[in-house]
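Enquirer: structure, please.
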Amino acid sequence: MLLWLTLALLWSTTCWAEQIYGSGGGQYFSTSPDYDNDITGIQLSIGDSDVIKSIQLRYGSSWSESHGVQGGKTQEFLLRPGEHIVAVYGTYTFYLRHLVVHTDQKRSASFGREVGNRFSEIPGEHRKVLTGIFGQHKLLGITGIGFQWDDPREELTTVLTTTFWHRLK
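Expert: Residues are numbered from 1 along each chain as shown. Okay, the predicted model is just below:
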């Protein structure tokens, strides 16, 4: 019985180490999984020094808890019905500075200013979509961010071409 429990924990998605982009450090955060709704929006707050201070996701018609620190100018991107985030690009210095999300309907939204080290992430498997975020934050803003990918709750509305996926890598 103990062997089965150990194997189940090792193969669960929560045990896999996932990539965090940024310098890291500070208080850890993670969105709570929503098993009924896909992400329908994303909202970020940008500080005076172009630091991303906080991030929040919308699942269905409800916004998740805001992660990071208060303040800054809020920017929001709402997804169309059946639309999903399928790739993320960004930059960081000591703090997260820039984030761009790409959707399966070939739309994108850019937050902040492109400064510092670059990163990009797409799901490891075709047809996976963004289902959550995690990371760390300190006094001035978000110091690191990572992305959780899984099957969409609703079917993808647009079949992505291989060219689109390779272009984002």
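
Enquirer: please make it C-alpha for all contacts and neighbour counts, starting now.
Expert: Noted.

Enquirer: the nearest residue to Trp63 once chain neighbours are set aside: what secondary structure?
Expert: The shortest distance from Trp63 to any non-neighbouring residue, by Cα to Cα, 6 or more residues apart in numbering, is to Leu57 (5.9 Å). Assigned by DSSP: H, G, I helix; E, B strand; the rest coil, the conformation of Leu57 is strand.

Enquirer: quick one: residues contacting Leu57.
Expert: In this structure, Leu57 makes contact with Ile39, Thr40, Gly41, Ile42, Gln43, Trp63, Ser64, Glu65, Ser66, Gly132, judged by Cα atoms under 8 Å, 6 or more residues apart in numbering.

Enquirer: need these in JSON lines (columns: neighbour count).
Expert: What follows is these, written out as JSON lines (neighbours: other Cα atoms under 10 Å):
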{"residue": "Ile39", "neighbour count": "26"}
{"residue": "Thr40", "neighbour count": "21"}
{"residue": "Gly41", "neighbour count": "21"}
{"residue": "Ile42", "neighbour count": "20"}
{"residue": "Gln43", "neighbour count": "18"}
{"residue": "Trp63", "neighbour count": "15"}
{"residue": "Ser64", "neighbour count": "17"}
{"residue": "Glu65", "neighbour count": "13"}
{"residue": "Ser66", "neighbour count": "16"}
{"residue": "Gly132", "neighbour count": "20"}
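
Enquirer: ok, of the residues you listed, which one's closest to Pro81?
Expert: The closest of the contacts of Leu57 to Pro81 turns out to be Thr40 (Cα to Cα; 7.7 Å).

Enquirer: ok, that closest one - contacts?
Expert: Leu57, Arg58, Tyr59, Gly60, Ser61, Leu78, Leu79, Arg80, Pro81, Glu83, His84.
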